[in-house]
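>>> coords please:
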Amino acid sequence: MISVALVDDHVMVRSGFAQLLSVESDITVVGEYSSAKDAFDALSTIANLDVAVIDISMPNESGLSLLGRLKQIKPELKAIVLSIYDSASFVSKAIDAGAFGYLSKRCGPGELVTAIRTVSNGDRYLCADALFNLSNASAPSSALNELTKREKEIFEHLIQGKDVKEVAYDLSLSHKTVHVHRANILSKLSLSNNVDLIRFAIKNKLLPE
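Next comes the predicted model:
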C-alpha cells in the first residue's frame, strides 16, 4: 500500500485529490494539510510515508521551502510538486529542492495516480509540459564525449540517483576512486553536484525509459 500525504491550501483541491485516490486499491491518504507549518509538524513525525504531494504556492511558506526542510530530516522522502507553472526554471528549482516528480495543475487527474505510483517506486516523473520545457532549455550534451569510458559508466550510475557508496559497490571500486571520477565528471560537464547531474540527464533525455 502506498501511503500519501496531500499538502495544498485549497480545500477543494485537497478534497478532490483525496476522493480520486480513495478509489485506488493500492493507495491510501494518510494526511491532508492546508499549510506548510501544519504539514511540517505532522510529516516530520510520520514513520511510514511513501509520497508527499506538495503545492508550490501556499501562504506564509512555499512548497519548495517546505520540501527542503522536510528533506533535511527525512532524506528518503519522495515528493511530487504541483504548480500552475511548468517553466524550466520552476521545474529545475523543484528538482534542486529534492522533488522526485513535477505535475502541472493542468494535468488530468489520472496522471496524479500514475505519478504517485512511479515516484513510490523510486523513479522520477515529470509531466509532458514540464519535461518539454526542461528539455528545450537544455545545453548540448556534447560535453559527454569528453568523459572517459569509466567516467561514462559512473555517470550512468549517478544519474539513477545512486550515491558514491552504491556506485562503488556496484562497480567493485573503492569509494575514493569513485569520488575522484565523480569530481572529474562534474568538472567536465560544468556541474556542481549530483542534483545537477540528474537535471542534466533529464534535460538531455539520458535517463533510461
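>>> need the longest helix for this protein.
Using DSSP state H to define each element, the chain has its longest helix at helix 175-188.
>>> and it, which residues are buried?
For helix 175-188, burial by neighbour count (16 or more other C-beta atoms under 10 Å) applies to V178, H181, R182, N184, I185, L186, K188. (Glycine included, C-beta is placed from N, CA and C.)
>>> again with stretch 158-168
In stretch 158-168, counting by 16+ other C-beta under 10 Å, buried: L158, I159, Q160, G161, K162, V164, V167, A168.
>>> just checking, next helix/strand downstream of the helix or strand of the chain with the lowest mean pLDDT?
When the helices and strands of the chain are compared on mean pLDDT, DSSP states H and E, helix 128-136 comes out lowest with a mean of 77. Using DSSP states H and E, the helix or strand that directly follows helix 128-136 along the chain is helix 149-158.
>>> so what does that next one touch, helix or strand wise?
Counting contacts by 3 or more C-beta pairs under 8 Å, 6 or more residues apart in numbering; DSSP states H and E, helix 149-158 packs against helix 164-171, helix 175-188, helix 194-203.
>>> contacts for the second one, please.
Yep, that's helix 175-188 we're talking about. The contact list for helix 175-188 (C-beta atoms under 8 Å, 6 or more residues apart in numbering) reads 143, 146-147, 150-151, 154-155, 158, 164-165, 167-168, 171, 191-193, 196-197.
>>> report how many residues lie close to V119.
Neighbourhood size, V119 [other C-beta atoms under 10 Å]: 23.
>>> thinking it is in contact with G101, fair?
Yes. Using C-beta atoms under 8 Å, V119 makes contact with G101 at a distance of 4.6 Å.
>>> what touches both of these two?
The contact sets of V119 and G101 overlap at K78, A79, I80, Y125 (C-beta under 8 Å, 6+ apart).
>>> what's the most distant pair in these?
Of all pairs drawn from these, the greatest distance, 11.1 Å, lies between A79 and Y125 (C-beta to C-beta).
>>> who touches both of those two?
Joint contacts of A79 and Y125 (C-beta under 8 Å, 6+ apart) are F100, G101, V119.
>>> quickly, which of the helices and strands packed on helix 149-158 bottoms out on average pLDDT?
Among the helices and strands packed on helix 149-158, helix 194-203 has the lowest mean pLDDT, at a mean of 83.
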